[in-house]
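Visitor: Sequence first, then the predicted structure, then my questions.
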Amino acid sequence: MNRVLTVNRVQLVGWQNTLGWPWLVLLMVFAVNYALFLAIGDREENPTTGALVSIYIVVFVGSINWITQLLPFSMALSVIRRTFYLASALFLVVQSIVFGLLLFCCQLVEDATDGWGIRLRFFGLNFVDDLNPLLQIAVYTMPFVLLGFLGIFVAVFYKRFGINGMWLLSAGMLLGFALVAIVFTWLDLWPAVGGWLADQPTVAWIVGWPALLTAALAAVGYLTIRRVTP
């Protein structure tokens with residue numbers, strides 16, 4: 001555990017990339033959206049924007065950078081791959097929880113100021129208004145964790161198998177999805193699948209299924225990184 005925390009301190013050396021840039025980008029996007037809807041004025045009632053996704057994209061890109069930039073540097077310092085991966089996973093989870101809490105606080109401020117004075121819905125998500133605060137925080141947190149482990153997996157897979165491996169993976173996934181679509185269409189399973197998806201509880205969509213996908217990505221990434229070269 002001490003080695004894992006040591007690697008975390010190395011990751012914090014570049015805090016501008018992992019902690020600073022996500023919020024700087026989000027602040028700039030918010031400023032643009034605020035200025036835009038302020039100029040529009042009453043012509044747009046209850047303006048809503050999906051620009052919150054910008055911070056998730058930056059975290060996704062940042063998680064890729066951990067593998068492409070920090071992994072070779074850490075290995076040069078005699079850090080083994082397993083320790084680096086566990087440290088990255090710990091850092092990602094803690095970062096996601098903190099970011100989720102901060103976004104939830106931003107939503108509370110947004111609600112208290114009536115949408116920053118212009119009824120702007122930037123941080124708030126309409127589909128979670130009726131949920132308790134804990135689940136609302138989970139809604140903000142889980143995409144960080146999922147996209148973070150997806151970025152780590154993509155970077156690890158690329159480092160292990162190169163561009164040809166990425167093309168093969170993409171082609172295999174495309175063929176797999178196409179095969180599933182053909183089988184479902186042939187057997188007329190789409191109505192049943194749609195009904196099953198519609199019957200899933202909100203908690204399953206917010207936490208359950210994203211957590212399962214995240215666990216799968218984390219496990220595959222852990223197994224793959226053991227054979228990665230700097």
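Guide: Structure's in. What do you need? Quick caveat, the model's predicted, so the values are computed rather than measured.
Visitor: need the strands for this structure, in chain order.
Guide: Assignment of strands within the chain using DSSP state E yields no ranges at all.
Visitor: Which single helix of it contains the most residues?
Guide: helix 133-186 (DSSP state H).
Visitor: Show me what it is packed against.
Guide: Counting contacts by 3 or more C-beta pairs under 8 Å, 6 or more residues apart in numbering; DSSP states H and E, helix 133-186 is packed against helix 53-65, helix 81-112, helix 209-225. C-betas here are computed from N, CA, C, even on glycine.
Visitor: and that helix, how far out from the chain's middle?
Guide: The chain centre lies 11 Å from the centre of helix 133-186; the measure is C-alpha atoms, centre = their mean, to the nearest Å.
Visitor: Please apply the same query to stretch 129-143.
Guide: Relative to the chain's own centre, stretch 129-143 is displaced by 14 Å; criterion: C-alpha atoms, centre = their mean.
Visitor: what is the mean pLDDT for it?
Guide: Computed over stretch 129-143, the mean pLDDT rounds to 88.
Visitor: by how many degrees do the longest helix of the chain and helix 81-112 diverge?
Guide: Calculated by axes from the mean of the first three to the mean of the last three C-alpha atoms, to 10 degrees, helix 133-186 forms an angle of 110 degrees with helix 81-112.
Visitor: Tell me if I'm right that N126 and N46 touch.
Guide: No: the criterion here is C-beta atoms under 8 Å, and N126 misses it with N46 at 9.7 Å.
Visitor: follow-up on the earlier one: turn the helices and strands packed on helix 133-186 into TSV, including mean neighbour count and mean pLDDT.
Guide: As requested, the helices and strands packed on helix 133-186 are arranged in TSV below (neighbours: other C-beta atoms under 10 Å; pLDDT from 0 to 100):
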stretch	mean neighbour count	mean pLDDT
helix 53-65	19	91
helix 81-112	18	91
helix 209-225	16	90
